[in-house]
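Participant: One predicted model, sequence on top.
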Amino acid sequence: MKQLIIVISFLLINLANANQVDSLQMLLSNDMSDSARFEVYNQIFPIIVRQKIDSAFICLQEQRKILKTANFSENTKDEFLIDIYNNTGIYYNRSGYQDSAIIYHKKAFDIAERNGEYRVSGIALNNIANIYYLQGNYKAALEYHLKALKIRKEINDTSGIAMSYGNIGLIHSSLKEYEKCISYYNKAKEVFEQTNNLPATSWAYRAIGVANLDLKEYEKAIINLNKSLKICSEIEDFSGTKYGLLNLGIVYLGMYEKKAKPEYLDSAEAAYEKVYKLQQTSYIKRIDINYLNFKSQILIYRGRYEEAIKLLNKSEDLLSEIKLKNELKDVYKFRSKAYEGLKDYKLALADYKNFKTITDSLLSIEKDREIGRKEAEFEYKEQLKINELKNQNKIKLEKSEKQKLKLWLVIIILFVIIVIGVSIFVYYKLTKERRLLKQQKAQILKKYNNIEEAYNEAISNIEDLKSQKENKTEQSKPLPEWINALSKRETEVLSCLAVGMSDKEISDKLYISVTTVRTHCQRIYGKLLVKNRMEATNLAREYSLI
């Protein structure tokens, strides 16, 4: 780890030199692990990409080469791949290929979200939103910042939450929705205060003050800007102090333009003089230009036109040095007023023409940008519409699948109900038939038992009668000659006839067919010379045949 820190520190010093690529190659020739080399490239990339885009591309190539050849674990590969995708997105954004930049940041987001790296996914969404903001597609930028804010809230990433609030406030400021802008800046300020982040708190107060200025709420702007200046003084943030004083001066100038009170002009001049003193200790060229322009405006209000022109000439030279020609419009505007105050209308007209030329050019550029913003917004809305249609089709498909599933489920349930119903019906029917058969069997058995009892009784009676006949032969009536003796089976049939049994009952009792029973009956009638069973029964009893 110490080796890595030393290498990075030495590298950062060498980056100040012109030959950055040679210094990088020299430092990375040392014996280092693949992961350490990758981290070195990762640390220097944000610095190189701002200074020399070609070196940034070489840095990306080296990172890809390390990832391809080194033997990393899957988690480490994903972490490094996220870094490569984010760096590639930054590279394409710096190179002017913003659509490609968005694609790579989205790739980084997908991997981070899949692996549960929610902090990193929030950063990727933030990068996408910033690109949309630069394109002027504020609605898309707002959408992605809100997504990033949601993720950061879920993981309680306080610094990320505050950053998202600030970015969302900036978008509302660009949309001239200043009240919403102030609301989000206040939320960012609250988070910064909770985390005791004084530089960020100072920035939040200053941003709220500027938004108050845009709403012409001058008193509120002064309060918030003074709070920002107080914090900057405590932490010795000279740069923040300068910007705060410049904005405070603008507030007082606005108040003077509304109500021409000399004290407002004095307050504005006092603020700008403080900026001038701070510039002597830590010089920033852009702040010096702003100071010169606003100071000259105060001098014009005071009627000191020649002094104002000198300051504006100096501002013009500085702007020419840093090649910001569009910023010259304020110089030409104020200088035209100064020349007009001196009644030098020729020079006043020349500066006014220059002012109008730049203004018209800027308006044209702004018009083109507005058209570009609208095109980007319409493309984004069209893409949202396409995505919405896809989602609707997906929802319809899922709904159709669910309906099919429900239909099949209903069919299966109905089938099960039918099967259960049929089973119950069959079971009930079989149970009923079994019960009926059981009852019929019981009745048959009962009847059979009754018949058997009657038969046994009849046999018993016959046996008694035969016994009585043998014992009392002298008392018995002699058989006529024409009556033949009956066989044993005929005697059994005659006994059944005597007790009143039907042919079917005799058949069941003696295990013979009904036809055989009838045949025996005819023979009995023939032997006894009778016509029916009644006469046969009476005759049999008369002559003790049964």
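Facilitator: Thanks, I have it.

Participant: burial of the residue nearest to residue 231 when sequence neighbours are not counted, as a residue count?
Facilitator: Spatial nearest neighbour of residue 231, chain neighbours left out: residue 202 (4.0 Å); criterion: CB to CB, 6 or more residues apart in numbering. For every residue, glycine as well, the C-beta is placed using N, CA and C. Neighbour count for residue 202, taken as other CB atoms under 10 Å: 26.

Participant: same thing with residue 78?
Facilitator: Applying other CB under 10 Å, I find that residue 78 has 16 neighbouring residues.

Participant: how close does it sit to residue 117?
Facilitator: Taking CB to CB, to the nearest Å as the measure, residue 78 and residue 117 are separated by 8 Å.

Participant: Repeat that for residue 218.
Facilitator: Between residue 218 and residue 117 the distance is 46 Å, computed by CB to CB.

Participant: Which strands or helices does the helix or strand hosting residue 45 pack on?
Facilitator: Assigned by DSSP states H and E, residue 45 belongs to helix 34-51. With contacts taken as 3 or more CB pairs under 8 Å, 6 or more residues apart in numbering; DSSP states H and E, helix 34-51 sits against helix 2-14, helix 20-27, helix 53-69, helix 74-95.

Participant: Now do it against helix 53-69: the angle between them, please.
Facilitator: 160 degrees (axes from the mean of the first three to the mean of the last three CA atoms, to 10 degrees).

Participant: How far off centre is helix 34-51?
Facilitator: How far helix 34-51 lies from its chain's middle: 34 Å, per CA atoms, centre = their mean, to the nearest Å.

Participant: where exactly do the helices run in the stretch 351-500 of the chain?
Facilitator: Ranges of helices within the stretch 351-500 of the chain are 488-498, based on DSSP state H, counting those that start in this stretch.

Participant: in it, which ranges drop under the pLDDT threshold?
Facilitator: Counting by pLDDT under 70, the stretch 351-500 of the chain contains low-confidence residues at 362-384, 466, 468-485.

Participant: where along it do the strands fall?
Facilitator: Secondary structure of the stretch 351-500 of the chain by DSSP state E, counting those that start in this stretch: no strands are present.

Participant: sorry, back to before: may I have the helix holding residue 45 as CSV, with CA atoms only?
Facilitator: Only the C-alpha atoms of helix 34-51 are listed here, as CSV (Å, rounded to 0.1, in the frame of the first residue of the first chain):
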residue,chain,number,x,y,z
ASP,A,34,-1.5,-6.2,-11.7
SER,A,35,-4.1,-4.8,-9.3
ALA,A,36,-1.6,-2.1,-8.1
ARG,A,37,-0.9,-1.1,-11.7
PHE,A,38,-4.6,-1.0,-12.4
GLU,A,39,-5.3,1.3,-9.4
VAL,A,40,-2.4,3.6,-10.4
TYR,A,41,-4.1,4.1,-13.9
ASN,A,42,-7.4,4.5,-12.2
GLN,A,43,-6.1,7.3,-9.9
ILE,A,44,-4.3,9.2,-12.6
PHE,A,45,-7.1,8.9,-15.3
PRO,A,46,-9.3,11.8,-13.9
ILE,A,47,-6.2,14.1,-14.0
ILE,A,48,-4.9,13.1,-17.4
VAL,A,49,-8.4,13.2,-19.1
ARG,A,50,-8.6,17.0,-18.3
GLN,A,51,-5.1,17.7,-19.6
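
Participant: what is the rounded mean pLDDT of that helix?
Facilitator: Taken as a whole, helix 34-51 has an average pLDDT of 82.

Participant: begin at 50 from here
Facilitator: From this message on, residue numbering opens at 50, which makes the last subject helix 83-100.

Participant: What residues of it count as buried?
Facilitator: Applying a neighbour-count criterion of 16 or more other CB atoms under 10 Å, one finds 83, 85-91, 93-94, 96-98 buried in helix 83-100.

Participant: One more: stretch 264-281?
Facilitator: For stretch 264-281, using 16+ other CB under 10 Å, the buried residues are 266-267, 269-271, 273-274, 276-278, 280-281.

Participant: out of the residues you listed, which are inside strands?
Facilitator: Within these, no residue falls in strands by DSSP state E.

Participant: and those residues as JSON lines, adding pLDDT and distance to residue 467?
Facilitator: Formatted as JSON lines, the buried residues of stretch 264-281 follow (pLDDT from 0 to 100; distance: CB to CB, whole Å):
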{"residue": "266", "pLDDT": "91", "distance to residue 467": "77"}
{"residue": "267", "pLDDT": "91", "distance to residue 467": "83"}
{"residue": "269", "pLDDT": "92", "distance to residue 467": "77"}
{"residue": "270", "pLDDT": "91", "distance to residue 467": "80"}
{"residue": "271", "pLDDT": "92", "distance to residue 467": "84"}
{"residue": "273", "pLDDT": "93", "distance to residue 467": "77"}
{"residue": "274", "pLDDT": "93", "distance to residue 467": "82"}
{"residue": "276", "pLDDT": "93", "distance to residue 467": "79"}
{"residue": "277", "pLDDT": "92", "distance to residue 467": "79"}
{"residue": "278", "pLDDT": "92", "distance to residue 467": "85"}
{"residue": "280", "pLDDT": "92", "distance to residue 467": "80"}
{"residue": "281", "pLDDT": "91", "distance to residue 467": "83"}
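
Participant: Include distance to residue 114 when you put the residues you listed into JSON lines, please.
Facilitator: Output for the buried residues of stretch 264-281, formatted as JSON lines (distance: CB to CB, whole Å):
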{"residue": "266", "distance to residue 114": "56"}
{"residue": "267", "distance to residue 114": "58"}
{"residue": "269", "distance to residue 114": "55"}
{"residue": "270", "distance to residue 114": "53"}
{"residue": "271", "distance to residue 114": "56"}
{"residue": "273", "distance to residue 114": "51"}
{"residue": "274", "distance to residue 114": "51"}
{"residue": "276", "distance to residue 114": "51"}
{"residue": "277", "distance to residue 114": "47"}
{"residue": "278", "distance to residue 114": "50"}
{"residue": "280", "distance to residue 114": "46"}
{"residue": "281", "distance to residue 114": "45"}
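
Participant: And for the residue lying closest to residue 91 once chain neighbours are set aside, the neighbour number?
Facilitator: Excluding the flanking residues, the one nearest residue 91 by CB to CB, 6+ apart is residue 132, at 5.3 Å. By other CB under 10 Å, the residues close to residue 132 number 19.

Participant: who's in contact with residue 132?
Facilitator: By CB atoms under 8 Å, 6 or more residues apart in numbering, the contact set of residue 132 is 87, 91, 112.

Participant: now residue 410
Facilitator: For residue 410, the contacting residues are residue 375, by CB under 8 Å, 6+ apart.

Participant: which other helices and strands contact the helix or strand containing residue 228?
Facilitator: Take DSSP H and E as the rule and residue 228 turns out to sit in helix 227-243. With contacts taken as 3+ CB pairs under 8 Å, 6+ apart, helix 227-243 sits against helix 207-223, helix 247-263.

Participant: excluding its backbone neighbours, what's nearest residue 376?
Facilitator: Counting by CB to CB, 6+ apart, residue 368 is the residue found nearest to residue 376 once chain neighbours are left out, at 5.2 Å.

Participant: Which secondary structure state is assigned to the one you found?
Facilitator: Going by DSSP: H, G, I helix; E, B strand; the rest coil, the secondary structure assigned to residue 368 is helix.

Participant: Tally up the residues packed near it, please.
Facilitator: A count of nearby residues for residue 368, using other CB under 10 Å, gives 21.

Participant: Would you enumerate the residues in contact with it?
Facilitator: Applying CB under 8 Å, 6+ apart to residue 368 gives the contacts 338, 374, 376-377, 380.

Participant: how near is residue 537 to residue 486?
Facilitator: 36 Å.

Participant: Please identify which of those two sits among more neighbours.
Facilitator: Using other CB under 10 Å as the criterion, residue 537 and residue 486 rank with residue 486 on top: 10 against 7.

Participant: From residue 554, how far off is that one?
Facilitator: Counting by CB to CB, the gap from residue 486 to residue 554 is 21 Å.
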